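Chemist: From the sequence below, what's the structure:
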Amino acid sequence: MTEEAEAPGGEFEREPVPDSALLGSGKFWGMYAGEHAAGTEFMIGPLFLSAGASLSDLILGLMLGNFLAVLTWRFLVVPIAMAKRLTLYYQLERIAGGSLVKFYNLVNGLLFCFLAGAMVTVSASAVGVPFGITFDVPSDTFGLSNPAFTALVVIVGVVIAAVAAGGYERVARFANIAAPWMIAVFAACGIVSLAQMEVTSFAALSEGRFWEEAIVFVQEKNCPGEFGFWKIVVFAWLCNGAMHFGMSDLTIFRFARSKASGWAPAIGMFLGHYMAWISAALLLAALIKIQPELAVGEDGKVAANPGLLAFESLGWAGIICVVLAGWTTANPTIYRAGLAFQGVLPKSPRTAMTLVAGTVATIAGAFPILSAKLLDFVGTYGTVLGPMGAVILVDFYLMKKFGLRDEYAYHSDLRINFSVLIAWCLPVAVGLYLILWQGLFAAYAVIPCWIVCGLLFLVISKFTQKELADQANASPSI
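Modeler: Numbers count the residues shown, from 1 in each chain. All right, here's what the predicted structure looks like:
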C-alpha cells in the first residue's frame, strides 16, 4: 500500500515520455503485484477484526471497494497519464508553480516517512519474536513501547535506511523477487488459520462463529467498536486515494503503451488488499481461538502483533515473510521520501536526503500507535494529498472549456498559483479538523475534499485569470 513507485527507466522527469520508451501491460501487472502485497497488510487485516467488522461484510465490502479502486485508476488516472506523459510533480509544477510544489513535496515526504515508520514497526515485531521481545500499544499518542522493542526498532530502521540510501534499483529488484513468495505465504496464512480453527467447509466459514467469538474477545479486552459494510467499502476504495484520486500514479502510467495497462492495479487490490487482508485477519482469529493468552499484551489489551501472528501460524516462514513484507514496503517508501525532500532542497545529495527520511521513519516507528491506527492514517494521507488530483483533472478537462488558461503557472511564470494553494488548503484544513477533533472516519473525507478542491480551483481561477481570458487558448500546451 505504498505510494508512487519509481518511474520505469528513471528518465524524462521534465518532458513527455517518447513512444520509444513506452511499456507493455505486463510490466505494470508485475509492479502492482509487488507494491500492494506488503507489510501494511499484516497490520490492516487484524485491525478489521479488532474494529468489529463481520466476516460477511469484510468479504463483500472489500470486493466492492477494491473494484471501485481499480475503476478509479483505469478511468481517472490512465487517460490523463497517456495524454500528457508527464510525472505528477512536473504536471503540478506547470499548474501550481515550483514553490508550491516544493511545499507539496515536503508534506508528501513526511507522510511517506510516517507510512514507512509503521512498516519499521511491523518488521521489528517479527525480528523480536525469536528473542521474546514483544510490544504493547500505549494509549498515549507519543508513548513508547518497552525499551527492548524501541531499541529493536532503531536497529531495524538503521538497516532499512542504509539499504534505501543505496538506490532504488536494488530495492525494487529485491521486492520483485520476493513478491511472488510473499503472496504465496499470505495465502498459506489464511489456509493454515482456517485449519487451526477446524473450519473444514464453506458452510462453517459462512457461519463465522469463530470470527464472532474473536470479535467478542477483542472488544471485551479493548473497547466496543463497529466497522460496517459501507465503511469497509469506502476504506478499500480510498486507502490508496493519494495514488488514484490524488494522481500520484500519473508517474507510473505515463509509460503505458495502451489503456489496458490501467487494469493492472487489480492484481494488487485482489491479491494484496483482498486476499492478504482477509488472511491476516484470520491469523488473529486463529490465535484467539487456540492461544488467547498470547493475543493479550501486558496492558491487558489485544494488539495485532504481525510477527507473533505469523509465527504461530507458519513458524519461521511466517516471521521471514513479515520481515520481508515490512522491508519491501519501507525501503522504497523511504527512498521516495528522500526524493521528495530532495525536491525541496534540490542541491542536497539524494543519499543524504534518504538518510534523513530514514531517520524520521525510524523515529515514527518507535511509536506503536502509528501502526495501530493505520486504518485512520491511510485515510488521512488520502485526505491531504488526494485533492491535488482534482486540480490536475480540472486543469486537463475543464479549464479551456471555461475560457481559462490551463497550466497557468507555466504560461504566466508563477512560482505560486494562489488559486491552487487556496483550493487545496481550505478543504484539507476542514477535513483534518473533522478527522482529528470531531472523530470523523478519515477515509470519509477523501472524496468531499477532492470535489470541493476541484470546484474551488475552477471558481477562483475564473477570477484570478480574468484579465487573460481572451488569450486562454492562444498557445497550445504539451
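Chemist: Which helix runs longest in this protein?
Modeler: helix 98-128 (DSSP state H).
Chemist: Give me the mean pLDDT for the next helix or strand after that one.
Modeler: Remark: after helix 98-128, the chain's next helix or strand is helix 147-165, criterion DSSP states H and E. Across helix 147-165, the average pLDDT comes to 85.
Chemist: Ok, stretch 49-57 next?
Modeler: In this model, stretch 49-57 has an average pLDDT of 90.
Chemist: ok, back up a step: how about the longest helix of the chain, which residues are buried there?
Modeler: 98, 100-105, 107-128 (16 or more other C-beta atoms under 10 Å). C-betas here are computed from N, CA, C, even on glycine.
Chemist: again with stretch 431-441
Modeler: 431-432, 434-435, 440.
Chemist: got the CA positions of the helix or strand bottoming out on mean pLDDT in the chain in PDB?
Modeler: Counting by mean pLDDT, DSSP states H and E, the weakest-scoring helix or strand in the chain turns out to be helix 202-207, with a mean of 72. Taking Å, rounded to 0.1, in the frame of the first residue of the first chain, the C-alpha atoms of helix 202-207 are listed here in PDB:
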ATOM      1  CA  PHE A 202     -17.600 -23.200   3.300                       C
ATOM      2  CA  ALA A 203     -20.800 -23.600   5.400                       C
ATOM      3  CA  ALA A 204     -18.600 -23.500   8.500                       C
ATOM      4  CA  LEU A 205     -16.800 -20.400   7.200                       C
ATOM      5  CA  SER A 206     -20.000 -18.600   6.300                       C
ATOM      6  CA  GLU A 207     -21.400 -19.200   9.800                       C
END
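Chemist: Counting by contacts, list what that helix packs against.
Modeler: With contacts taken as 3 or more C-beta pairs under 8 Å, 6 or more residues apart in numbering; DSSP states H and E, helix 202-207 sits against no other helix or strand.
Chemist: which other residues reach whichever helix or strand comes after it?
Modeler: Next along the chain after helix 202-207, taking DSSP H and E as the criterion, comes helix 209-221. Residues from elsewhere that reach helix 209-221 (C-beta atoms under 8 Å, 6 or more residues apart in numbering): 49-50, 52, 54-55, 197, 199, 225, 284-285, 288-289, 292, 295-296, 300-302.
Chemist: Please check these and keep the buried ones.
Modeler: Neighbour counting over those (16+ other C-beta under 10 Å) leaves 49-50, 52, 54-55, 197, 199, 284-285, 288-289, 295, 301-302 as the buried ones.
Chemist: Name the SS class of Arg405, please.
Modeler: What DSSP: H, G, I helix; E, B strand; the rest coil gives for Arg405 is coil.
Chemist: ok, it to Ala96 distance?
Modeler: Distance, Arg405 to Ala96, using C-beta to C-beta, to the nearest Å: 13 Å.
Chemist: out of these two, which sits in the busier spot?
Modeler: Ala96 (31 against 22; other C-beta atoms under 10 Å).
Chemist: from memory the more buried one sits against Val420, does it?
Modeler: Yes. Between Ala96 and Val420 a contact is recorded at 4.1 Å, counting by C-beta atoms under 8 Å.
Chemist: any shared contact partners between those two?
Modeler: Contacts common to Ala96 and Val420, judged by C-beta under 8 Å, 6+ apart, are 391, 409.
Chemist: Point out where the stretch 251-400 of the chain drops to low pLDDT.
Modeler: Applying pLDDT under 70 to the stretch 251-400 of the chain flags residues 298-299.
Chemist: can you do 80?
Modeler: Across the stretch 251-400 of the chain, the ranges flagged by pLDDT under 80 are 295-305, 323-333, 335-336, 339, 343, 350, 370-372.
Chemist: would you list every one of the helices in it?
Modeler: Here the stretch 251-400 of the chain has its helices, by DSSP state H, counting those that start in this stretch, at 265-270, 277-290, 292-295, 306-314, 316-344, 350-365, 369-372, 374-385, 387-397.
Chemist: What is the second one packed up against?
Modeler: Secondary structure elements in contact with helix 277-290, counted by 3+ C-beta pairs under 8 Å, 6+ apart, are helix 39-50, helix 55-72, helix 168-196, helix 209-221, helix 292-295, helix 306-314.
Chemist: Could you do the third one as well?
Modeler: Under the contact criterion of 3+ C-beta pairs under 8 Å, 6+ apart, helix 292-295 touches helix 209-221, helix 277-290.
Chemist: let's see it at 6 Å
Modeler: helix 277-290 (3 or more C-beta pairs under 6 Å, 6 or more residues apart in numbering; DSSP states H and E).
Chemist: Same question for the last one.
Modeler: For helix 387-397, the contact count by 3+ C-beta pairs under 6 Å, 6+ apart identifies helix 418-436, helix 446-464 as packing neighbours.
Chemist: Apply 10 Å and report the result again.
Modeler: If contacts are counted by 3 or more C-beta pairs under 10 Å, 6 or more residues apart in numbering; DSSP states H and E, helix 387-397 sits against helix 78-84, helix 88-96, helix 98-128, helix 418-436, helix 446-464.
Chemist: Dump the ones you listed into a markdown table; add distance to Phe341 as well.
Modeler: Output for these, formatted as a markdown table (distance: least, C-beta to C-beta, whole Å):
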| stretch | distance to Phe341 |
| --- | --- |
| helix 78-84 | 25 |
| helix 88-96 | 13 |
| helix 98-128 | 5 |
| helix 418-436 | 20 |
| helix 446-464 | 24 |
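Chemist: Number of residues surrounding Val322?
Modeler: 32.
Chemist: Distance check, it against Gly307.
Modeler: Applying C-beta to C-beta, the value for Val322 to Gly307 is 5 Å.
Chemist: what stretches of the stretch 1-150 of the chain score poorly on pLDDT?
Modeler: 1-14, 26-27, 30-31, 33-35, 37-40, 134-143, 145.
Chemist: Try it again at 90.
Modeler: Low-confidence segments of the stretch 1-150 of the chain (pLDDT under 90): 1-47, 50-52, 86-90, 105, 108-109, 112, 115-150.
Chemist: if we can go back for a sec, out of the helices and strands packed on helix 277-290, deepest packed?
Modeler: helix 39-50 (a mean of 28; mean count of other C-beta atoms under 10 Å).
Chemist: Skipping its backbone neighbours, what lies nearest Val185 in space?
Modeler: Of all residues not flanking Val185 in the chain, Cys321 sits nearest, at 4.1 Å (C-beta to C-beta, 6 or more residues apart in numbering).
Chemist: before we move on, what about Leu58?
Modeler: Using C-beta to C-beta, 6+ apart and skipping residues adjacent in sequence, the residue nearest Leu58 is Phe48, 5.7 Å away.
Chemist: give the contact list for that neighbour.
Modeler: Phe48 makes contacts with 54-55, 57-58, 61-62, 215, 227, 231-232, 235, 277-278, 280-281, 284, 304, 375, as judged by C-beta atoms under 10 Å, 6 or more residues apart in numbering.
Chemist: tell me what the strand or helix carrying Tyr32 is packed against?
Modeler: With secondary structure defined by DSSP H and E, Tyr32 is part of helix 25-35. For helix 25-35, the elements it packs on are helix 168-196, helix 250-253, helix 265-270, helix 316-344, judged by 3+ C-beta pairs under 10 Å, 6+ apart.
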